[in-house]
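1. Fold the following, please.
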Amino acid sequence: MGCLPVSLTMVDCVASPSHHHRLIPDASISKFEAFHGRKAAISRLEAIHGNKGGFSAHGHNAAISKAAVSQRAAFYGRKVAAISQRSAFVCGQGRRTQFYLSWKSPQATAVKDVSTSEKLRIPSQSSEKGTRVMIIGGDGYCGWATALYLSNLGYEVAIVDSLIRRLFDEQLGTKSLTPIVSLQERVKRWEQISGKHMAVYVGDICEFEFLEDAFKSFQPYAVVHYGEQRSAPYSMMDRGRAVFTQQNNVIGTLNVLFALKEFSPECHLVKLGTMGEYGTPNIDIEEGYITITHNGRTDTMPYPKQASSFYHLSKVHDSHNIAFACKAWKLRATDLNQGVVYGAMTPETSMHEELINRFDYDGVFGTALNRFCVQGAVGHPLTVYGKGGQTRGYLDIRDTVRCVELAIARPAGPGEFRVFNQFTEQYSVNDLARLVMKAGEKLGIEMKVINVPNPRVEAEEHYYNAKHTKLVELGLQPHLLSDALLDSLLSIVHKYADRVDLSQVMPTVSWKKIGVKPKNFGQLTWSQKTPM
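-> Below is the predicted model:
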């Protein structure tokens, strides 16, 4: 069975797989099922989707044939293997099919029919083929902003997402400061405001059959790959999450590479890497490659990597795999080694409350700048880890989406693996704290800073000078961190102050104390944090 892109207008689904439309697999069922079983998994997904459009689990009452057991059973070290999304279900007249979720959608094919007059701007590639962009991880922080931005420019956008980032919040008892509606509601609202369709494929890219169907159905010109577990603290919580992070990220990216080779060999991969791959060397950080002379011989080689978490190591593995695939299969890829992203709003996410982006501030998924803004706005001391000299590259979310557009518009050549360092400014943690305090003073908010033990294993005072010229040469005009931007962040915190959970702003994950079994976080036990 293939994958049908979900129309923005949801109607009741049909109950039988024999109807003449294709079905959408949802790997969130598999992942949740690893903990709680099939019935609870279906209930959980209903809660995530809101069940407003209606969805059906085909084979819900069918006998389960345990023909395939997924490696995803390693999710969090679960001892009992969960039945995979690929497990066979006996349905109808003895026919075996997969477990799918489906929405009936008569408008699904209309995605390709958006006229030029409806586009707000014309994309750099004007042909139909050149405007199809698949965004893997399109329900996430960077992915959602990118999907709206490219759609607004006139690109034909498809979102691919397993929705597992929403499940992480349920497991950890965290939530975005800003209220986030379901993906289906988000996309429907975008269509109502912009008149533009976005296809939606809900499933796990670690399941190759799902990814194959999505590629064959959408036939992308470019793939923007955000679809990875992106938190260093999450990867350092325990053995299970470390294993999940590496398996999810590395295998997912490998599947994307094989899908490109088999189904879209001319497609351009834009992969979101991280500046954290480089670490903090005592020399300048180049953009991807460095020329070295050793014992009288000179060569240009990939810049040495010094990752500082199991998450960052997964990104290093991704980079090596992509570089090899480009060399062996003549794929084209751009690796955007991104710094820390800040900002909650883009012009598109500001159009309606239901389009608003995530604002994470907790100790697992939040960034230092977001955490400082929340702490300062609600009267909590700004918590600087260690000495505060840790220096990194930063950029505005508006620059993230622009960088992706620039990479798509000027793709790499066949066999080329480009690396761009994607950030606009460098700050230490102490610098950020001072900037937030200064912005608070202008608003009449008194703030103070405290130093807390650093939960990470990292240099707290170091040299840091990273090159970042290639995207500027392509046309990036940076939005620099300003008082106005900080004022807007503090205003967002003030608006949603009733959603702040101060128990989440302190570090709870220690790099040195990571263990085999899950630990308790905050005031809740693991069993309390995992919904039934």
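2. Okay, strands next: where are they in the stretch 351-500 of the chain?
-> 382-385, 391-396, 417-422, 425-428, 449-452 (DSSP state E, counting those that start in this stretch).
3. List the buried residues for the fourth one?
-> The neighbour-count criterion (16 or more other CB atoms under 10 Å) identifies 425-428 as the buried residues of strand 425-428. Where you see a C-beta, it was placed from the backbone N, CA and C, and this is true even at glycine.
4. can you check the last one too?
-> Buried residues in strand 449-452, counting neighbours by 16+ other CB under 10 Å, are found at 449, 451.
5. quick check: mean pLDDT across that strand?
-> For strand 449-452, mean pLDDT rounds to 98.
6. Send me it as PDB with only the CA atoms.
-> Taking C-alpha atoms only, strand 449-452 is exported to PDB below (Å, rounded to 0.1, in the frame of the first residue of the first chain):
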ATOM      1  CA  VAL A 449      22.400  35.500  38.000                       C
ATOM      2  CA  ILE A 450      23.500  32.500  39.900                       C
ATOM      3  CA  ASN A 451      26.100  29.900  38.900                       C
ATOM      4  CA  VAL A 452      25.000  26.300  39.300                       C
END
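7. Distance from it to the middle of the chain?
-> Strand 449-452 has its average C-alpha position 30 Å from the chain's average C-alpha position, going by CA atoms, centre = their mean, to the nearest Å.
8. go on, stretch 486-496?
-> The mean C-alpha position of stretch 486-496 is separated from the chain mean by 23 Å, CA atoms, centre = their mean.
9. Same check on stretch 393-412?
-> 15 Å.
10. Using CSV, list the CA coordinates for it.
-> Backbone C-alpha positions of stretch 393-412 (Å, rounded to 0.1, in the frame of the first residue of the first chain) are rendered in CSV as follows:
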residue,chain,number,x,y,z
GLY,A,393,27.3,30.2,17.5
TYR,A,394,23.7,31.5,17.5
LEU,A,395,21.1,32.5,14.9
ASP,A,396,17.6,33.8,14.6
ILE,A,397,14.9,31.3,13.5
ARG,A,398,14.2,33.7,10.6
ASP,A,399,17.7,33.1,9.4
THR,A,400,17.4,29.4,9.7
VAL,A,401,14.5,29.3,7.2
ARG,A,402,16.3,31.7,4.9
CYS,A,403,19.5,29.6,4.9
VAL,A,404,17.5,26.5,4.0
GLU,A,405,15.9,28.4,1.1
LEU,A,406,19.3,29.6,-0.1
ALA,A,407,20.6,26.0,0.0
ILE,A,408,17.6,24.7,-2.0
ALA,A,409,17.8,27.5,-4.6
ARG,A,410,21.5,26.8,-5.3
PRO,A,411,21.8,23.0,-4.9
ALA,A,412,25.0,21.0,-4.6
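11. List the buried residues for it?
-> Neighbour-count burial for stretch 393-412 [16+ other CB under 10 Å]: 393-408, 411-412.
12. Tell me where the stretch 201-350 of the chain has helices.
-> Across the stretch 201-350 of the chain, reading from the start of the chain, the helices by DSSP state H, counting those that start in this stretch fall at 208-218, 232-235, 239-246, 252-263, 310-329.
13. Let me have those in JSON lines, adding mean pLDDT and mean neighbour count as columns.
-> What follows is the helices of the stretch 201-350 of the chain, written out as JSON lines (pLDDT from 0 to 100; neighbours: other CB atoms under 10 Å):
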{"stretch": "helix 208-218", "mean pLDDT": "98", "mean neighbour count": "21"}
{"stretch": "helix 232-235", "mean pLDDT": "98", "mean neighbour count": "23"}
{"stretch": "helix 239-246", "mean pLDDT": "98", "mean neighbour count": "20"}
{"stretch": "helix 252-263", "mean pLDDT": "98", "mean neighbour count": "20"}
{"stretch": "helix 310-329", "mean pLDDT": "98", "mean neighbour count": "20"}
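14. Any stretches of the stretch 401-532 of the chain with poor pLDDT?
-> Judged by pLDDT under 70, the stretch 401-532 of the chain has its weakly predicted residues at 520-532.
15. please redo it, this time with the cut-off set to 50
-> Filtered on pLDDT under 50, the stretch 401-532 of the chain yields the residue ranges 522-532.
16. show me where it has helices.
-> 429-442, 470-474, 483-495, 526-529.
17. Mind checking these for the one nearest to residue 145?
-> Of all the helices of the stretch 401-532 of the chain, it is helix 483-495 that lies closest to residue 145, at 14.7 Å by CB to CB.
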